[in-house]
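**Q** Mind folding the following:
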Amino acid sequence: MSYLKRFGTHRVPQSAPLPGSSQVPNSAGGYAWGIDDWARLRRFLILGSEGGSYYASEKNLTRKSAKAVANCVAQDGLRAVAEIVAVSTDGRAPKNDPAILALALAAGRGDEATRKAALEALPRVCRTSTHLFQFAVFVEAFRGWGRSLRRGIARWYAEQPVDALAYQAVKYRQREGVTHRDLLRLSHPATSVSARNPTVEVSAEHGRLFEWIARGGSADGLPHIVEGFVRAQSAASPKESAELVREYRLPREAVRSEHLASQDVWEALLEDMPMTALIRNLATMTRIGVLAPRSTARAKVIEQLGDTERLRKARVHPIALLAALRTYQSGRGARGTHRWNPLGGVVDALDAAFYAAFGNVEPSGRRMLLALDVSGSMTWGEIGGIPGLTPRDASAALALVTAATEEEPEILGFFTGKGGFLKRGRPLRWGYDDGLTPLSISPRQRLDDAVKAVSDLPFGGTDCALPMLYAQAQEREIDTFVIYTDSETWAGKIHPADALRAYRRASGIDASLVVVGMVSNGFSIADPNDGGMLDVVGFDTATPQLISDFARGALREEGAARRPYNQRGERDASAPRAQGAAAEGAAALGKGRPARVPPAGASRAAAPGAALAATGRVGRNGGAAGDPRPLHLARRPIEIPACSQRFC
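**A** Numbers count the residues shown, from 1 in each chain. Down below sits the predicted model:
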């Protein structure tokens, strides 16, 4: 028996916790760090839990996420409401449903101050009638219709401009089995009401509109769009409907369903179509014949998709554009029987709009390795509730955003299975031929083609240490490893955090690690005690810029230089600090490599906690990095080839 195989501090398999760490069992049988309730709240708000994951059903994943939301509300309800509002109003999530559920929970389960803050935030999170109907359904699970809830709903109606409210009443008449009539009868928005009903200031125009919504009747004296809606419901022909759409600027929902097969109607709708509706109806307009080669409508659609400012104002999330691209380019619907011939110009415009939706990301100027977890667990579930968009496919799309920003990053797909860089000669670990495959995907490809290339890869078990082992074995000089994963790692003989420390010792490079969480679970492979490791949420629109900022040190303390390593390759907090970027540059030049200082004009956050409060987490060391000193150790945690001048 080898006692070292049973217990050791240098080579601890992922099936056991690191000694002295706070690691917890993950769902796959390995060990990782558990994220706190606030980090899980952010993952849920952005990623949701639709479709579940490989290891957890949708019901189980939603229950655990909701429990984390409830814990945050109990710990600091006002902070929880602020997180919910920030994610929703900034358009950082593919869907607003998780934010609405979290807000309903805060409005029902929080203390008095939290409930008040949640209801005051209702118009900011529930910006459309669909959102309000969802909130009404959710909140009933946590509380009854008391005065504060009725006042909150009533204020949602009373404080909107009457024309905007009339548009909402016409466009969103019923969702989730709830109508405006139902909510108006429950909330009683009026200046003078019966006993026990809350009083809300309501104008005469609002009062007449409420009366029409609740009881029907004449449209006289109501906003212009209501008159158009009434006339459109009795239109005799598609041509008449098209004329009414142009005259009253009616949305699609105001047109009789039997007239929506008319090209004339869709041409009229396109003249004033909102951006989100435009993206959703590209396939229909192509099938009907509105979008045709060299048509005026085609040119208008391409121009609008290229309007970055309009995309931003409409809060169009990149996931919505990716879903539209996948569906439109396929030429057939996911659920129906409709077929169409996609136009190349529209496909290209959707592809460009996907990158534009992330905003302008400042490059870090660092040497990056982007590693995509393509193991079996990443092929299960849905991102943002988009049918067929698995975490594995979505990680490829997200990686391309960073690849489009940085200069020649290396992109890899990894899993534990046959094939990859370790298939030649004696494997580094017994029992597996480890699969790690360089990917030829590039932002110069069409987005959907690049995603498909990742979808077609084989898959196996999960070993998130492989990217660092690969870089060390192949003597790659990497400043930042970015791993897109669900953190359900289990199959390796060394933990990813220790593999990174081994790479630091062998290479002399103060490499950092960014873990992009692609599933709304409670785990991360990033060591919270290492300031060079960062955990962020996948498909948060802020994530690409956070990766860039962290890679170049902009999230670290002002003037903090890199500290020497201790014997485990960790940053030694007791070592004296160098002062400023000049010392950092001198240390780097002494090793014969370019100084790694932020580019001119790059901003630095005063504190990493403030910079990451809305999205991710940084190690408890405050982000102060170490001066990379290569250490020659008699014993190594992994077996590597004969050392070169740098990797020794």
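
**Q** Okay, and V536 sits in which element?
**A** strand 533-537 (DSSP states H and E).

**Q** partners of that strand in the sheet?
**A** strand 512-517 (parallel), strand 617-618 (antiparallel) (DSSP bridges).

**Q** Tell me which helix or strand comes right after it.
**A** Strand 533-537 is succeeded, C-terminally, by helix 543-552 (DSSP H and E).

**Q** Tell me which other helices or strands that following helix touches.
**A** helix 391-405, strand 480-485, strand 512-517, strand 533-537 (3 or more Cβ pairs under 8 Å, 6 or more residues apart in numbering; DSSP states H and E). Quick note: C-beta positions are derived from backbone N, CA and C, even for glycine.

**Q** how far is that helix from where the chain is centred?
**A** Put simply, helix 543-552 sits 15 Å off its chain's centre (Cα atoms, centre = their mean, to the nearest Å).

**Q** report the angle between the axes of that helix and strand 512-517?
**A** 160 degrees (axes from the mean of the first three to the mean of the last three Cα atoms, to 10 degrees).

**Q** who touches the helix or strand in which F415 is found?
**A** If you go by DSSP H and E, F415 is part of strand 410-416. Surrounding strand 410-416, the residues in contact under the criterion Cβ atoms under 8 Å, 6 or more residues apart in numbering are 368-376, 399, 403, 420, 432, 434-439, 441, 454, 457-464, 466-467, 470, 476, 478, 491-492.

**Q** Selecting buried members of those residues in ChimeraX, what would you type?
**A** Applying 16 or more other Cβ atoms under 10 Å to these, the buried members can be selected in ChimeraX as follows:
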select :368,369,370,371,372,373,374,375,376,399,403,420,432,434,435,436,437,439,441,454,457,459,460,461,462,463,464,466,467,470,476,478,491,492
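
**Q** Could you count how many residues lie near K59?
**A** Neighbours of K59 under the rule other Cβ atoms under 10 Å: 10.

**Q** Quick check on it: phi, psi?
**A** The phi/psi pair for K59 (degrees, to the nearest 10) reads phi -60, psi -50.

**Q** for the chain, what are the low-confidence residue spans?
**A** Low-confidence segments of the chain, defined by pLDDT under 70: 1-10, 191-198, 417-434, 556-648.

**Q** What segments of it are strands?
**A** Counting by DSSP state E, the chain has strands at residues 23-25, 31-34, 174-175, 178-179, 368-373, 410-416, 434-438, 480-485, 512-517, 523-524, 533-537, 617-618.

**Q** Let's have the ones you listed in CSV, adding distance to A106.
**A** Shown next, in CSV, are these (distance: least, Cβ to Cβ, whole Å):
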stretch, distance to A106
strand 23-25, 27
strand 31-34, 23
strand 174-175, 22
strand 178-179, 20
strand 368-373, 33
strand 410-416, 39
strand 434-438, 44
strand 480-485, 30
strand 512-517, 23
strand 523-524, 25
strand 533-537, 20
strand 617-618, 22
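
**Q** closest to R298 out of those?
**A** strand 174-175 (31.7 Å; Cβ to Cβ).

**Q** where does the closest one sit relative to the chain's centre, distance-wise?
**A** Worked out by Cα atoms, centre = their mean, strand 174-175 lies 27 Å from the chain centre.

**Q** Also stretch 341-351?
**A** Stretch 341-351 has its C-alpha centroid displaced from the chain centroid by 24 Å (Cα atoms, centre = their mean).

**Q** again, but for stretch 117-125
**A** 22 Å.

**Q** Give the buried residues for it.
**A** Result for stretch 117-125 [16+ other Cβ under 10 Å]: buried residues A117, A118, L119, A121, L122, P123, V125.

**Q** and the third one, what is it in contact with?
**A** When contacts are counted by Cβ under 8 Å, 6+ apart, L119 is found next to A107, S148, L149, R151, G152.

**Q** Give me the buried entries from these.
**A** Here the buried ones among the contacts of L119, as counted with 16+ other Cβ under 10 Å, turn out to be A107, S148, L149, R151, G152.

**Q** Just name the closest of these to A542, please.
**A** A107 (25.9 Å).

**Q** Kindly provide the distance from the residue lying closest to that closest one once chain neighbours are set aside to H180.
**A** Excluding its sequence neighbours, the residue lying closest to A107 (Cβ to Cβ, 6 or more residues apart in numbering) is A118, at 3.9 Å. Separation of A118 from H180 (Cβ to Cβ, to the nearest Å): 22 Å.

**Q** How about T128?
**A** 12 Å.

**Q** what do the two both touch?
**A** Common contacts of T128 and H180, defined by Cβ under 8 Å, 6+ apart, comprise Q168.

**Q** Next, the contact list for E211, please.
**A** G217.

**Q** when you give positions from now on, start the count at 446
**A** All set: I'll call the first residue 446, so the last point we hit is now E656.

**Q** hmm, back to that, the buried ones among the contacts of L564 into JSON lines, with extra columns for distance to L546?
**A** Listed next are the buried ones among the contacts of L564 as JSON lines, based on distance: Cβ to Cβ, whole Å:
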{"residue": "A552", "distance to L546": "11"}
{"residue": "S593", "distance to L546": "19"}
{"residue": "L594", "distance to L546": "16"}
{"residue": "R596", "distance to L546": "21"}
{"residue": "G597", "distance to L546": "16"}
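
**Q** Now flag whichever of those is closest to R701.
**A** Closest to R701, out of all of the buried ones among the contacts of L564 and judged by Cβ to Cβ, is G597, at 34.8 Å.

**Q** Of all the strands paired with strand 978-982, which one is nearest A942?
**A** In terms of Cβ to Cβ, the element of these nearest to A942 is strand 957-962, at 7.8 Å.

**Q** Identify the residues contacting that closest one?
**A** 480, 488, 492, 840, 843, 924-932, 941-942, 945, 969-971, 977-983, 988, 991-992, 995-996, 1070.

**Q** give me every residue that touches the residue nearest to A552.
**A** G522, V526, L548, A549, A551, A552, G555.

**Q** 10 Å instead?
**A** For A563, the contact set (Cβ atoms under 10 Å, 6 or more residues apart in numbering) comprises 518, 522-523, 525-526, 529-530, 547-555, 570, 580, 584, 593-594, 597.

**Q** likewise T507?
**A** Contact analysis of T507 by Cβ under 10 Å, 6+ apart lists F489, G493, S494, E495, G497, A501, P543, L546, S965.

**Q** re the thing from before, give me the more crowded residue out of T573 and H625.
**A** Neighbours were tallied for T573 and for H625 using other Cβ under 10 Å; the higher tally belongs to H625 (21 against 15).

**Q** Tell me if I'm right that that one and Y602 touch.
**A** Yes: with contacts counted by Cβ atoms under 10 Å, H625 reaches Y602, the gap being 8.2 Å.

**Q** Give me the common contacts of the two.
**A** What both H625 and Y602 touch, as defined by Cβ under 10 Å, 6+ apart, is the set S574, L577, L610, Q613, A614, L654, F655, I658.
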